[in-house]
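Undergrad: when you get a sec, could you give me coordinates for this:
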Amino acid sequence: MNLSVRVIVETVNETGEVKSHSVISTKSVTSPCSLVDLGYRQTEQVEMLQHIQQALLDEQSCFLQENTPRCPRCNNKITRNGYVKSNFHGVYTDHKVSTRKQICLKCKWKSIPSIDSLFGSAIHPDLAKIQTEMGAKHSYRDAEKILTLLSSKKRSINNHERVKKTTECIGEYLSLSLGNDSSIESQAADKLCIQVDGGYVNTIEADKKRFEVMTAVIFDPEQIDYHGGQLKQDGAISTLRGKLTSKHCAASALADEQSYLKQAALESAIKQGMTKDTSMTAICDGADNCWNVINAIAPHCHDITRILDWFHIAMKFENLSLNNQTLREKTKRAKWHLWRGYPDRAIIRLEEIKNNLQEKKEQRKLTKLMNYIANNIECIIDYRQRQKNGMIFTSQLAESTVESLINQRCKRQQHMRWSRKGLHSLLQVRASISSNSWQEHWERYVGEAMLKTAA
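TA: Below is the predicted model of the structure:
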C-alpha cells in the first residue's frame, strides 16, 4: 500500500463550514534509508510554513486598511479602491500581503497603506526580538549567518546591516526610556552590593585609538551561586567563581562625565530593591570615575561601605615584576599589610623597597603603586577579616560585568571598532538581557521602539 502525508489548510466559518481548501504539501511515505529521510527536511518545513502563513495573511488582508471613514482633505466619504501588495517579514518567511486601498471620488485623495504604515514596521516583533538578541550576542555578520541557517536561505531582511539597525533601534529606545520605566516592581532589600568598572574598546574615530566604556552591576550578596573551590586531581584547588542569580546591570559608552551611568546605576539599584534603609557595599578598582558613580547613589540609600577591589590590588602587585628576588619577597609582605587592612604600613614597606631599586622603570612602578594606595586609602579595609566573615570584598568572586557586557561581544575580535553611539545602544540591550528584564518585557520594548522609529 502506497501512503502519502498531505498537509491541508482550510478556512472555516463559525459553524464549521469549509469556505476554502488548499493542499500545502503531499509527501510519499517511504522507508527511511538514513536519518536524512526521517520526517521533513528543514527546507520542506520552512516551505510549508510559508504557505500556511500566507493562507492566514490572505484571510486577514480584508482588515488591513487605514481607519479613515472620511477624506482628510474634503471630508467627503471615501470608498474602497482595490488592494495593493505590501511586504511583511515573519520569523522564517517573507510575504506579500494585500492591504486595502481607499479613494475619495470627489477630490481623488487616495489611501494606499502598507504593513509598515499601518503597524509602524513590516518586521514581526518575534523576528525583531531574535535579530536584537543575535546582534547583542554575536557580531552582526555572524548574526546574519545564524539567521540564514535558521531560515534555510538568505533573506535580505536578515542581512548584517538590518540586524545592526534593529539592535541599535531597540538599544536607543532603552537608552531614551531611562527614568521612565516603572514596569519592574522589586522587594525592598536590606543589603546590596554594587560593582563599577570600566574597559576600553577600539574606536572608529580618526583621532583616537580607543575609548572607555563603563559598567555597573547591583546585586544581592546573599544570592550568589558559587562553584569551584574544589580539589583537582593534580592537588590544586579550582578557582572559586560565582554566578549572580539576582542582579540589575547598567552600561554606558557616552562621553558625558558618567551622567548616563549615574542615572542608569541608580535606576538599576532601585529596581534591585534599594531604598533609604538599604546598606550598600561598593567595590571599585579605584578610578575616580567609578567612585563618582558610587557617590551619586550615596544620597539614595542608608549608607555605603566603599571597598577598593582586592582583585585589582593583587593585579597591581602582580604587574610589578621586579628583577630582584629578595625585593619581590618584600613586596609580598607589603601586600600582606594591605590584606590585613594596614595601608600605611604597606606604603612604608614599598618606600623601603623603592629606595633599594636601581632601575628607574621599577622605581616608577613602585611610585605609581604607592600613589594608588594613598589615593584610595580610605577604601582599604581588613580583607582577611571580611573573608572570614563570609562577606564580599572582591569582584573576582562574582562574574565580571566588564567581561559579560563588553569583552565577550566587543573585544572577541580585536579588529572590531566602534562608535560611541552605536556601542552605547548595543550595551543597553546587553544590560537588559543580563538583568533578566528582557525576557519579561521584550515585547513592549520592541513594539514601542518600532513605533517610535516609525513616528
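
Undergrad: dump the residue contacts of residue 37.
TA: The contact partners of residue 37, taken as CB atoms under 8 Å, 6 or more residues apart in numbering, are 30, 31. Where you see a C-beta, it was placed from the backbone N, CA and C, and this is true even at glycine.

Undergrad: lowest average confidence, helix or strand, in the chain?
TA: Using mean pLDDT, DSSP states H and E, the weakest-scoring helix or strand in the chain turns out to be helix 401, at a mean of 68.

Undergrad: ok, residues contacting stretch 270-282?
TA: The contact list for stretch 270-282, computed with CB under 8 Å, 6+ apart, reads 184, 186-196, 218-221, 246-248, 269, 294, 297-298, 300-307, 391-392, 435, 437.

Undergrad: for PyMOL, write the select line for the buried members of those residues.
TA: For the buried members of those, the matching PyMOL selection, counting by 16 or more other CB atoms under 10 Å, is:
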select buried, resi 184+189+191+192+193+194+195+196+218+219+220+221+246+247+248+269+294+297+301+304+306+307+391+392+435+437
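
Undergrad: okay, and which of the contacts of stretch 270-282 map to strands?
TA: Residues of these located in strands (DSSP state E): 191-196, 218-219, 247-248, 303-307.

Undergrad: of those residues, which pair is most distant in space?
TA: For these, the maximum inter-member distance is 20.9 Å, found between 247 and 303 (CB to CB).

Undergrad: run a quick neighbour tally on residue 152.
TA: Other residues lying near residue 152 total 15 when counted by other CB atoms under 10 Å.

Undergrad: against residue 38, how distant is it?
TA: 17 Å (CB to CB, to the nearest Å).

Undergrad: what helix or strand is residue 21 located in?
TA: Taking DSSP states H and E as the definition, residue 21 sits inside strand 18-28.

Undergrad: C-alpha coordinates for that strand, CSV please?
TA: Extracted in CSV, the C-alpha atoms of strand 18-28 (Å, rounded to 0.1, in the frame of the first residue of the first chain):
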residue,chain,number,x,y,z
VAL,A,18,-15.3,24.9,5.0
LYS,A,19,-15.1,28.1,2.9
SER,A,20,-11.7,27.4,1.3
HIS,A,21,-9.5,24.3,0.9
SER,A,22,-5.9,24.2,-0.3
VAL,A,23,-3.3,21.4,-0.3
ILE,A,24,0.0,22.7,1.1
SER,A,25,2.2,19.6,0.7
THR,A,26,2.0,16.0,-0.3
LYS,A,27,4.8,13.7,0.7
SER,A,28,5.1,10.0,0.0
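
Undergrad: please identify the buried residues of that strand?
TA: 24, 25.

Undergrad: which residues sit against that strand?
TA: So strand 18-28 is contacted by 2-13, 40, 44, 47-48, 51-52, 55 (CB under 8 Å, 6+ apart).

Undergrad: PyMOL command for the buried members of those residues?
TA: In PyMOL syntax, the buried subset of the contacts of strand 18-28 is picked out as below (16+ other CB under 10 Å):
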select buried, resi 9+47+48+52+55
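
Undergrad: can you tell me which of the contacts of strand 18-28 are in strands?
TA: Per DSSP E, the subset of these in strands is 4, 5, 6, 7, 8, 9, 10, 11, 12.

Undergrad: and those, which is closest to residue 364?
TA: Residue 364 lies nearest to residue 7 out of the ones in strands among the contacts of strand 18-28, by CB to CB, at 75.0 Å.

Undergrad: go ahead and confirm residue 57 touches residue 88.
TA: Yes - using CB atoms under 8 Å, residue 57 is in contact with residue 88, at 6.8 Å.

Undergrad: okay, now residue 366: neighbour count?
TA: Neighbours of residue 366 using other CB under 10 Å come to 21.

Undergrad: please, which helix or strand holds residue 363?
TA: Per DSSP H and E, residue 363 falls inside helix 360-375.

Undergrad: quick one: that helix to chain centroid distance?
TA: The chain centroid and the centroid of helix 360-375 are separated by 37 Å under CA atoms, centre = their mean, to the nearest Å.

Undergrad: cool, stretch 409-427 as well?
TA: That offset, for stretch 409-427, works out to 12 Å (CA atoms, centre = their mean).

Undergrad: one more: stretch 134-146?
TA: Per CA atoms, centre = their mean, the centroid offset for stretch 134-146 relative to its chain is 13 Å.

Undergrad: sheet partners, orientation included, of the strand holding residue 21?
TA: Counting by DSSP bridges, the strands paired with strand 18-28 are strand 4-12 (antiparallel).

Undergrad: which residues sit against the strand it pairs with?
TA: Here strand 4-12 has contacts from 18-29, 48, 51-52, 55, 59, using CB under 8 Å, 6+ apart.

Undergrad: swap in stretch 305-318?
TA: 195, 279-286, 291, 294, 331-332, 334-335, 338-339, 369, 372, 376, 378-381, 383, 393-396.

Undergrad: for the helix holding residue 363, what is the average pLDDT?
TA: In this model, helix 360-375 carries a mean pLDDT of 92.

Undergrad: can you list the buried residues in the helix or strand where residue 216 lies?
TA: Remark: residue 216 resides in strand 210-219, with elements defined by DSSP H and E. For strand 210-219, a neighbour-count test (16+ other CB under 10 Å) marks 211, 213, 214, 215, 216, 217, 218, 219 as buried.

Undergrad: now stretch 420-429
TA: Along stretch 420-429, these residues count as buried under the neighbour rule (16+ other CB under 10 Å): 420, 422, 423, 424, 425, 426, 427, 428, 429.

Undergrad: what of stretch 104-121?
TA: For stretch 104-121, by 16+ other CB under 10 Å, it's 104, 109, 111, 113, 114, 115, 118, 119, 120, 121.

Undergrad: can you list phi and psi of the fourth one for me?
TA: Recorded main-chain torsions at residue 113 are phi -80, psi 160, according to degrees, to the nearest 10.

Undergrad: now do the contacts for it.
TA: Neighbour list for residue 113: 64, 65, 66, 84, 86, 99, 100, 101 [criterion: CB under 8 Å, 6+ apart].

Undergrad: can you check the second one too?
TA: Residues in contact with residue 109 (CB under 8 Å, 6+ apart) are 71, 72, 73, 74, 78, 103.

Undergrad: for residue 156, which non-adjacent residue is closest in space?
TA: residue 162 (7.4 Å; CB to CB, 6 or more residues apart in numbering).

Undergrad: what about the one you found, neighbour count?
TA: Count around residue 162 with other CB under 10 Å applied: 20.

Undergrad: thinking again about what came up before, would you turn the buried residues of strand 210-219 into TSV with distance to residue 353 and pLDDT?
TA: Output for the buried residues of strand 210-219, formatted as TSV (distance: CB to CB, whole Å; pLDDT from 0 to 100):
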residue	distance to residue 353	pLDDT
211	35	94
213	35	94
214	33	95
215	34	95
216	35	95
217	35	94
218	38	95
219	37	93
